[in-house]
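**Q** Quick one, what's the 3D model for this:
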Amino acid sequence: MRILHTSDWHLGRQFHGVSLDEDHDAVLAQVEVAIADHGPDVLIIAGDIFDRATPPQTALRRFNDFVRRVGAGGQTAIVLIAGNHDSAAQVGMMGVLADADRSLVRGPLDAEERPLILSDEHGPVAISALPFSFEFAARACYGKEDICCPADVLREQVASARRHLPDGARWIVVAHAFVEGASTSDGERPLTRAVGGIETVPSSVFDGAHYVALGHLHRPQAAGADHIRYAGSPLAFGFDEEGHRKSMTLVDLAADGSVTTTDIAFEPLRRIRTLRGRLAELLAAPEASDDLISVVLTDETPQIDPMKRIRRLYPNAVQLAYERNGVPGEERLREGRAALERPQEVIADFVNFARGRKIDEGERALVEARLGDLIVVEDDT
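**A** Alright, predicted model coming up:
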């Protein structure tokens, strides 16, 4: 059986305020070409179809048109799950009118994770699609109050999926998770709302699966074993991904359950690039470019209206920093995002600054408890 594994499309996303609609059109067209050229039995989209829970209508229309075109071919089944950026309810509604024999669409959690069963000349293949869920929703679904991290959520999902596997079937699992040992990028949102919580999942959670199609991390890579893989995102979403080769993964599943994987490279409409040099040197470039540009000026003195002048050649220059300032703007932005993901440390630093001494263990425990209460209230609303 042949599988085309993709993930993390993030339809509707912008890059520093620049629309990526045309870039997404280009990569979706390449997915369709790959389907036509390689004839996969199933297309897997492993979460983060959209960039946010309320995507713009253009993103919804783009996805619906894509699914309609792929479905019209009649040869390729579709399996997709909600990721942490998606609205589980919205993704779940997409499956209401789908052909249950040729598609599996999973949004909200289900205590009974039934697979899509496909067959080839070697027998049945069961595909279990496990949508992303925060711990609080999983507790309600499975009736277990001791679910406290993403690994606990996935253990329950995998255990449920195992109960519905046909005897002798080869098994494919689709999940949206951060598996231990994998490499991250800046654009990935944390998968747990628990303060100080552990968001990684051991690869052993997937024991017994012949192939695990993962989403969430934006770099194509194996995680823990060769058959546990991230396809990665089709586009770069931050300058830390400059130079990364984006791809989708073609998987051939043999009769004995072994897999052979081939990366099919995406060709982006625009590249992510950093230009470094003196302003005069950059303005002397031989030709303009529509690439998405970060500019680092090496001039020792501030220049007059540098961004306006640079955008005459590079209309999609979105970021500018001076090398002499030490920390470029993107690194400062990353530091700010990291601080927001550690609110207890931000509070501790503020208290230390305001009163001249560090908080003690009792005060730290009080902060942790109050932040935990806020997370529960947010989840309930």
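**Q** and the closest residue to residue 99 other than its chain neighbours, backbone torsions?
**A** Distances taken as Cβ to Cβ, 6 or more residues apart in numbering place residue 71 nearest to residue 99, at 7.9 Å, with adjacent residues excluded. No exception for glycine: its C-beta is placed from N, CA and C like everyone else's. The phi/psi pair for residue 71 (degrees, to the nearest 10) reads phi -60, psi -30.
**Q** Isn't residue 71 up against residue 78?
**A** Yes. Counting by Cβ atoms under 8 Å, residue 78 is a contact partner of residue 71 at 7.0 Å.
**Q** Find residues that contact each of the two.
**A** Each of 102, 103 lies in contact with both residue 71 and residue 78 under the rule Cβ atoms under 8 Å, 6 or more residues apart in numbering.
**Q** More neighbours: which of the two?
**A** Ranked by neighbour count (other Cβ atoms under 10 Å), residue 71 and residue 78 place residue 78 first, with 21 against 16.
**Q** Run the chain-centre distance for stretch 257-270.
**A** 16 Å (Cα atoms, centre = their mean, to the nearest Å).
**Q** What residues sit buried inside it?
**A** Residues of stretch 257-270 classed as buried: 257, 259, 261, 264, 266, 268, 269, 270 (neighbour count, 16 or more other Cβ atoms under 10 Å).
**Q** coming back round to it: what sits against the residue nearest to residue 99?
**A** 78, 99, 102, 103.
**Q** can you give me the helices for the stretch 201-350 of the chain?
**A** Along the stretch 201-350 of the chain, counting by DSSP state H, counting those that start in this stretch, helices occupy 279-283, 306-310, 329-340, 343-355.
**Q** can you tell me which of those helices the model trusts least?
**A** Lowest mean pLDDT of those: helix 329-340, a mean of 52.
**Q** just for this protein, where's the confidence low?
**A** 96-97, 192-197, 326-342, 352-353, 356, 369, 372-381 (pLDDT under 70).
**Q** roughly how far is the helix or strand residue 125 falls within from the heart of the chain?
**A** Element membership for residue 125 (DSSP states H and E) is strand 123-130. Centroid separation for strand 123-130 versus its chain: 22 Å, with Cα atoms, centre = their mean.
**Q** Show me the domain layout of the protein.
**A** Structural domains assigned to the chain are 2-265, 272-331, 342-380, following automatic domain parsing.
**Q** Now the residue most central in space within the chain: phi and psi?
**A** Per Cα atoms, centre = their mean, the C-alpha nearest to the average position across the chain is that of residue 216, at 3.1 Å. Dihedral pair for residue 216: phi 120, psi -50, per degrees, to the nearest 10.
**Q** Many thanks, we can stop here.
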